[in-house]
Every structure is written in structure tokens, then in C-alpha cells.
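Enquirer: pasted the sequence and its predicted model underneath.
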Amino acid sequence: MQAFEATSHYFDQAAKLLGLSENIRTLLVTPDREVRVEVVIELDSGQIGNFIGYRVQHDNARGPFKGGLRYHPHVDQDEARSLASLMTWKTALVDLPFGGAKGGINCDPTKLSRAETERLTRRFTEKIHDMIGPVKDIPAPDMGTDAQVMAWIMNEYGKFAGFTPACVTGKPVELHGSPGREAATGYGVAIITREILGRLGRTIGGSTFAIQGYGNVGSYTTRFLAEQGAKIVAVSDAYGAVFNREGLDVAELDRHVAIARKIVGFKGGEATTNEQLLTMPVDVLIPAALGGVFDKTLAEAVQAKLIVEAANSPTWPEADEVFNARGIPVVPDILANAGGVIVSYFEWVQNLQNFRWPLEQVQREEERRLVDAFHEMYDIAHRKNITMRTAAFYRAISRVGRAHALAGI
Ligand SMILES: NC(=O)C1=CN([C@@H]2O[C@H](COP(=O)(O)OP(=O)(O)OC[C@H]3O[C@@H](n4cnc5c(N)ncnc54)[C@H](OP(=O)(O)O)[C@@H]3O)[C@@H](O)[C@H]2O)C=CC1
Ligand SMILES: O=C(O)CCC(=O)C(=O)O
């Protein structure tokens, strides 16, 4: 099974409950537009570098296409299609006036110099500039991209359209970005974790956590949970993991990562592996790295009592069935990591109005939207006796379906 098939499987589980006709199902599942571009740049060595970039625009019934750009060796058309579809359901679930899109470039960003990354980003923007823009499609950061990449996109797009900060979100705060966007996804994961633990009669302070991935999402999630008294017993990155039964000192870990650029070598815990991290006996397991992490075998070995999907698509459908059968609740990606796109929405609004919000307002509004969406989803799941994932898709599909019905063909 490939990524888009997995996302469509989750869609179908909810679509059945909604009784959608086959035609409406096809309308909602099929991406609106898919673009594949060749991106050729000069490498620092003087050689030619050939890369392939993608942008998939899935659905825009509720507003402009919206979603991140990923720079990673796994990026391909199917992954972009799957992630674009997830964005449609994510923006609908938290009721943002956006549709869904995703894209990226198949490359290894760790092997590119800053100058090469800039040239790659500018050339890619040049290739897709006519399909993006503040009322068409608004990219944002995802794996392997950051505020600097967004700044280059804004600058390059401006060469075609004039000064247009709202063409992209997740920009540096000094360059029309929003306070709180960089931390927004992890901040939201911590809020959602607090809410689900509350529904289960537990607290962050009384729980142990293992977190896979220590990039933007994983590291901010870890910090916000630690601030609330969480015992973080293990974290990892692509090179390995570190474990401390008594809880890691997160401030010390951050000092180590700032210098070493990786978790490996941190003296405040024992070295371990990503595989061991994923099967540790913790209260909460948070995948915050790649997709496709949990297959059936791994799901059977997981010992966590709760999973909060900070990453997009970490769970294959067969693993989802195992978690369900084993009574391990899974908070789905389209809600757990929606804090990022919520604050992207605030950034877009600020850019359109040329007006800066303070951080407190951004965080307050982000929290309100996430808490409302969480309890709405949780109550649907409880009432209909379905998983939180199916409840999330159910709510999102009904909003997108209604928008299509009202707009007409
Ligand atoms: N950025 C955002 O606002 C949003 C991101 N997401 C999702 O969150 C996830 C993480 O994104 P983000 O934090 O932005 O990405 P980053 O590129 O900032 O960080 C990715 C992290 O994953 C680690 N990693 C990569 N491969 C592995 C592996 N095989 N095992 C363990 N860790 C690994 C990386 O390690 P290393 O540093 O060593 O390479 C890094 O710590 C993705 O699924 C993304 O789609 C969802 C919503 C919004
Ligand atoms: O901030 C955004 O627009 C999208 C972030 C993203 O790519 C995601 O939520 O997966």
C-alpha cells in the first residue's frame, strides 16, 4: 500500500458513515491539480544538479489551497498527493478558510550548502509561481524546510507579482512572519496532549513520554510538555535516540543539540535506538518525524498507552487496526499537528491586513481553535463509537462536502 491509498482508506472509513455516493467520493478524493517540475541548478562544485519538485493541489472548495513544502529524499508524487489530501481534511477539521495542498523537492537537504538550497528554492518557485499566491495556494514549512526557505520563496515570488508577503507562511518574524509560527505545531501538540490526557483522567505532569524526531515539531513539543512537568524519558533524531528512566533534562539536551547538531552523544541519558524508543513502556508515544512509522508488527509491539500523531501519516491502516483492537487511543495527525496551519492562517490574515498580532493573541487563538476542535472530534467518536481518526475525517469531510454542495459545480 502506498501513502495516498492509506489516506484514502481513512477517508473511506468516514465516508461510509456519511453515506457518500460514489461520484461525490471521487470528487472529494481526487486531487484537483498535480504538477511535477524539473529543477536544475548549478551546484557549488560547478556541476549541474537535477532535482524533481512537486506541488499537488488537492481541494479548494473552502478557500485557497494550503500546505507545506518538504525537502527530503522520500518526496515523490504519491507522498505529495497523500499529504495534500490530509491538508484538505486538516484545514476543514479546525475550520480554517483553506483547502489542502502539499509539495516539495526530492533532495537530501543535509547534503546541500545554504547557497545551493537558496538556488534550488528560487528555481522551484520560478517554476510554480503561476500556481501559488495569496488567493490561490500558500506554501509553508514542512520537513527539511524552514523560515529562511519561506523568505526566499516570498522574495522570488515578489519578482513576478510584486511585494506579496501573504504568498507563503512560516516566514521569519522580521520578514512578515507571525510570532509563534515556528513553535506553533509543537505548541499545539502539547495542547492536544493535555486535552486527551484530561479526558482519560490523567495529566501531563503525571505521565511519561517518548518522542520520535527532534526537529521543529519534536523539539518544540518536548519543550512545551517539559514546561508542564512531563517526564520525557526518550527522544530521537535520524542518528539515534537517548533514554533516561528518571526523565531527560530538556534544557541540557537543547544545549547539547545546539552544539552537536544531533542527539547522539548527550551525556544525560543512555544511547538507544529509534526502534527501542517506539516500543518503550511509556504513557504517551509521540511520533514527530517521518510518515509510515507504524506497521502491523510494530503496532503489536508498542507498549505506550496513548499515541499522539505529531508527524503526518505515521500509522499505516493495518497498524491503526491493531491499535484500535488493543485499545490504544490514537489522536490523529490531522488534529494533533494542526497548530502549525492554524498559526499559518493567522500569519496570512496579518499579512493581508498589514497588522502584527502579539504572541499572546496568536497562542490564545491557536489554543481556542484546537481545544474546540478536539472536544468536538472526541464527542463524535464517543457518540458514534468510532475511533478519533474516523471522527476527525467524518467532521472534516462533512464540511468539505457541504462547501462543494453549496458552491455548485
Ligand atoms: N513543521 C511544521 O509546522 C509541521 C510539520 N508536520 C509534520 O511533522 C513531522 C516533522 O516535521 P518537522 O519537525 O517540521 O521536520 P524537521 O525537518 O524540522 O525535523 C524532522 C526530524 O525528524 C528526524 N528524523 C528524520 N528521519 C528520522 C528517522 N528515520 N528516525 C527518527 N527521526 C528521524 C530528523 O532528524 P535529523 O535532524 O537527524 O535529520 C529531525 O529531528 C513531519 O511529519 C511533518 O510533516 C506537521 C504539521 C506542521
Ligand atoms: O502551515 C501550513 O500551511 C501547513 C503545514 C503543514 O504542511 C502541515 O500541517 O502538514
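Expert: Nice, thanks for sending it over. Ligands and ions are numbered 1, 2, ... in the order given.

Enquirer: got the residues of the stretch 1-150 of the chain near ligand 2?
Expert: With CB under 6 Å from any ligand atom as the criterion, the stretch 1-150 of the chain meets ligand 2 at residues 66, 67, 68, 90, 140, 142. For glycine as for every other residue, the C-beta is placed from the backbone atoms N, C-alpha and C.

Enquirer: look up phi and psi at the last one.
Expert: If I follow you right, that is residue 142. The phi/psi pair for residue 142 (degrees, to the nearest 10) reads phi -150, psi -160.

Enquirer: ok, the second one next?
Expert: Its backbone dihedrals place residue 67 at phi 160, psi 170, with angles given as degrees, to the nearest 10.

Enquirer: is ligand 1 within reach of stretch 265-272?
Expert: No. Counting by CB under 6 Å from any ligand atom, ligand 1 has no neighbours in stretch 265-272; the shortest distance is 11.9 Å.

Enquirer: for that stretch, list the C-alpha coordinates in PDB.
Expert: C-alpha atoms of stretch 265-272 as PDB (Å, rounded to 0.1, in the frame of the first residue of the first chain):
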ATOM      1  CA  GLY A 265      26.400  11.900  22.400                       C
ATOM      2  CA  PHE A 266      24.100  13.500  25.000                       C
ATOM      3  CA  LYS A 267      25.600  12.600  28.400                       C
ATOM      4  CA  GLY A 268      22.300  13.000  30.300                       C
ATOM      5  CA  GLY A 269      21.000   9.500  29.300                       C
ATOM      6  CA  GLU A 270      21.800   6.200  27.700                       C
ATOM      7  CA  ALA A 271      22.100   5.800  24.000                       C
ATOM      8  CA  THR A 272      19.300   3.700  22.400                       C
END
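
Enquirer: who's in contact with that stretch?
Expert: Applying CB atoms under 8 Å, 6 or more residues apart in numbering, the external contacts of stretch 265-272 come out as 234, 240-244, 248-249, 252-253, 256-257, 260, 264.

Enquirer: neighbours of the residue in the stretch 151-300 of the chain that ligand 2 sits nearest to, how many?
Expert: As assessed by CB to the nearest ligand atom, ligand 2 sits closest to residue 169 within the stretch 151-300 of the chain, at 5.5 Å. If you count neighbours by other CB atoms under 10 Å, residue 169 ends up with 30.

Enquirer: which of the helices or strands spans it?
Expert: In this assignment (DSSP states H and E), residue 169 forms part of neither any helix nor any strand.

Enquirer: list phi and psi for it.
Expert: Backbone torsions for residue 169, taken as degrees, to the nearest 10, come to phi -120, psi 170.

Enquirer: repeat that for the one 4 residues further on.
Expert: According to degrees, to the nearest 10, the main-chain angles of residue 173 amount to phi -60, psi -30.

Enquirer: list the contacts of it.
Expert: 179, 181.

Enquirer: what about 10 Å?
Expert: Applying CB atoms under 10 Å, 6 or more residues apart in numbering to residue 173 gives the contacts 147, 179, 180, 181, 182, 347, 356, 359.

Enquirer: give me every residue in the stretch 201-350 of the chain lying close to ligand 2.
Expert: Counting by CB under 6 Å from any ligand atom, the stretch 201-350 of the chain sits next to ligand 2 at 312, 337, 340, 341, 344.

Enquirer: just the residues you listed: which are in strands?
Expert: Among those, DSSP state E puts none in strands.

Enquirer: near ligand 1, from those residues?
Expert: Within those, those near ligand 1 by CB under 6 Å from any ligand atom are 312, 337, 340.

Enquirer: name the helix or strand for residue 277, please.
Expert: Going by DSSP H and E, residue 277 is part of helix 274-278.

Enquirer: same deal with residue 52?
Expert: Taking DSSP H and E as the criterion, residue 52 maps to strand 48-59.

Enquirer: for that strand, name the packing helices and strands.
Expert: Contact here means 3 or more CB pairs under 10 Å, 6 or more residues apart in numbering; DSSP states H and E; on that basis strand 48-59 packs against helix 22-29, strand 33-42, strand 65-72, helix 77-93, strand 100-106, helix 114-128, strand 137-141, helix 388-407.

Enquirer: and it, C-alpha only, in CSV?
Expert: In CSV, the C-alpha atoms belonging to strand 48-59 read as follows (Å, rounded to 0.1, in the frame of the first residue of the first chain):
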residue,chain,number,x,y,z
ILE,A,48,24.7,20.6,-12.7
GLY,A,49,22.2,19.4,-10.1
ASN,A,50,19.0,17.8,-11.4
PHE,A,51,16.1,17.7,-9.0
ILE,A,52,12.3,16.9,-9.3
GLY,A,53,9.8,19.1,-7.5
TYR,A,54,6.1,18.6,-6.9
ARG,A,55,3.0,20.6,-5.9
VAL,A,56,-0.3,18.8,-5.5
GLN,A,57,-3.4,20.9,-5.0
HIS,A,58,-6.0,18.7,-3.6
ASP,A,59,-9.2,20.6,-2.9
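
Enquirer: now the angle from that strand to helix 22-29?
Expert: Relative orientation of strand 48-59 versus helix 22-29 (axes from the mean of the first three to the mean of the last three CA atoms, to 10 degrees): 140 degrees.

Enquirer: buried residues, strand 48-59. List them.
Expert: Residues 49, 51, 52, 53, 54, 55, 56, 57, 58, 59 are the ones in strand 48-59 that count as buried (16 or more other CB atoms under 10 Å).

Enquirer: hmm, back to that, among the residues of the stretch 1-150 of the chain next to ligand 2, which one has the most neighbours?
Expert: Most surrounded of those: other CB under 10 Å gives residue 67, at 32 neighbours.

Enquirer: excluding its backbone neighbours, what's nearest that residue?
Expert: residue 87 (3.8 Å; CB to CB, 6 or more residues apart in numbering).

Enquirer: show me what residue of the stretch 151-300 of the chain gets nearest to ligand 1.
Expert: Closest approach of the stretch 151-300 of the chain to ligand 1 (CB to the nearest ligand atom) occurs at residue 215, with a separation of 1.7 Å.
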